[in-house]
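Need coordinates for the below:
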Amino acid sequence: MDAVPAATGTIRLGVVGVGTIAALLVEAVVTGPHGDRVEVVLSPRSPHRAADLADRFASVRVAADNQEVLDASDVVLLAVLPPQVADVCAGLELRADHVVVSLAAGWPPSVLAPVVAPAATVCQLIPLPMVSLRTGPIVLSPDVPRVRELLEDCGDLVVLDDESQIIALSCASAVMSSYFELQRTVVDWLFSTGLPEQTSHDYVTALLLGLATEGRATQPEDRADLPVEHETPGGLNEQVRRALTDAGAYETLTATLARMHLERRMRATT
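As a prediction, the model looks like this:
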């Protein structure tokens, strides 16, 4: 991947549709390393959320309508609901020099490009809720240096040249709520044994963070060794892993991901 270009000039970011993820992304951008030269213009959609961002950050303001957002921006974050994309864009006049960034699922660059013409640069972005904490993956397809610069230090940028691979990564991210259900289950069980709830929470979240950190530091070719390295024959870790394996938990997870991937690929081709 090419290096991010040197930071120069003002970055004018317009946001059409201020949903939860868009708001979190704006917060990450304006507090990031280029925040002192980012100007953000929000659409009046979701007025309470837009007003909150404008109240908290001097570089953020709310426009009267979507066209004003486009007129005042160079990079346009299109963050409306997927069924609304075509209708919203039909009522807007985009410039050829606009960089259009789609947050809408099912609108990869090849599909969105004709809808946002004459804008010549189009990409898709998939941030996750933890982006406001400046962590977690952010999928960008294809690589657009101006967008990559804007997202510097907002998380781990995953750049895809092949937009069809976005579907697989979006399916993989579907484990988020299951992760928190696992966390909640272990914390609740620990609390039930008599430990204080805060102690139970602190221990389990620190344990999971430590394991994630260790996993991140492990080379891909060594990841298959991690389960065995963290258990002893007949020990507690082995008992839990075998119980889940015997119950088909991991097979079910793989099968569910495969089914979702197939379904989404079929929808993308129809």
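
quick one: low-confidence parts of this protein?
Low-confidence segments of the chain, defined by pLDDT under 70, are located at 1-8.

Doesn't residue 45 belong to a helix?
No - if the criterion is DSSP: H, G, I helix; E, B strand; the rest coil, then residue 45 is coil and not within a helix.

dump the residue contacts of the residue lying closest to it once chain neighbours are set aside.
Leaving out its chain neighbours, the residue that sits closest to residue 45 by C-beta to C-beta, 6 or more residues apart in numbering is residue 17, at 5.3 Å. In short, each C-beta sits where N, CA and C put it, glycine included. Going by C-beta atoms under 8 Å, 6 or more residues apart in numbering, residue 17 touches 43, 45, 46, 78, 79, 80, 81, 84, 88, 103.

In helices, which of the residues you listed fall?
When DSSP state H defines the helices, the subset of the contacts of residue 17 inside them is residue 88.

Verify the stated contact: residue 108 with residue 163.
Yes - under the criterion of C-beta atoms under 8 Å, residue 108 makes contact with residue 163 at 4.3 Å.

what's the overlap in contacts for those two?
124, 141.

Buried residues, stretch 108-122. List them.
108, 109, 111, 112, 113, 115, 116, 119, 121, 122 (16 or more other C-beta atoms under 10 Å).

Looking at those residues, which one is closest to residue 183?
Within these, distances to residue 183 taken as C-beta to C-beta reach their minimum at residue 108, with 32.4 Å.

What does that closest one show for phi and psi?
Here the main-chain torsion angles of residue 108 (degrees, to the nearest 10) amount to phi -70, psi 170.

check contacts around it.
For residue 108, the residues meeting the contact criterion (C-beta under 8 Å, 6+ apart) are 102, 124, 141, 163, 164, 166, 268.

Might you report the residue contacts of the closest residue to residue 141 other than its chain neighbours?
Taking C-beta to C-beta, 6+ apart, and ignoring the residues beside it in sequence, residue 141 has residue 160 as its nearest neighbour in space, at 4.0 Å. Listed by C-beta under 8 Å, 6+ apart, the contact set of residue 160 reads 139, 140, 141, 142, 166, 169.

Give me the helices and strands touching the helix or strand hosting residue 190, please.
Taking DSSP states H and E as the definition, one finds residue 190 inside helix 176-192. Helix 176-192 makes packing contacts with helix 197-217 when contacts are defined by 3 or more C-beta pairs under 8 Å, 6 or more residues apart in numbering; DSSP states H and E.

Name the residues that touch the helix it packs on?
By C-beta under 8 Å, 6+ apart, the surrounding residues in contact with helix 197-217 are 183, 186, 187, 188, 190, 191, 195, 223, 226.

Would you format the residues you listed as TSV with neighbour count and distance to residue 95 included?
What follows is the contacts of helix 197-217, written out as TSV (neighbours: other C-beta atoms under 10 Å; distance: C-beta to C-beta, whole Å):
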residue	neighbour count	distance to residue 95
183	15	46
186	17	52
187	19	51
188	13	54
190	17	56
191	16	56
195	14	59
223	10	46
226	13	50
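
quick check, nearest of those to residue 259?
Nearest member of the contacts of helix 197-217 to residue 259, counting by C-beta to C-beta, is residue 223, at 23.9 Å.

if I look at the residue lying closest to that closest one once chain neighbours are set aside, how far off is residue 231?
Nearest in space to residue 223, with sequence neighbours left out and distances taken as C-beta to C-beta, 6+ apart, is residue 215 at 7.2 Å. Remark: distance between residue 215 and residue 231 (C-beta to C-beta, to the nearest Å) = 15 Å.
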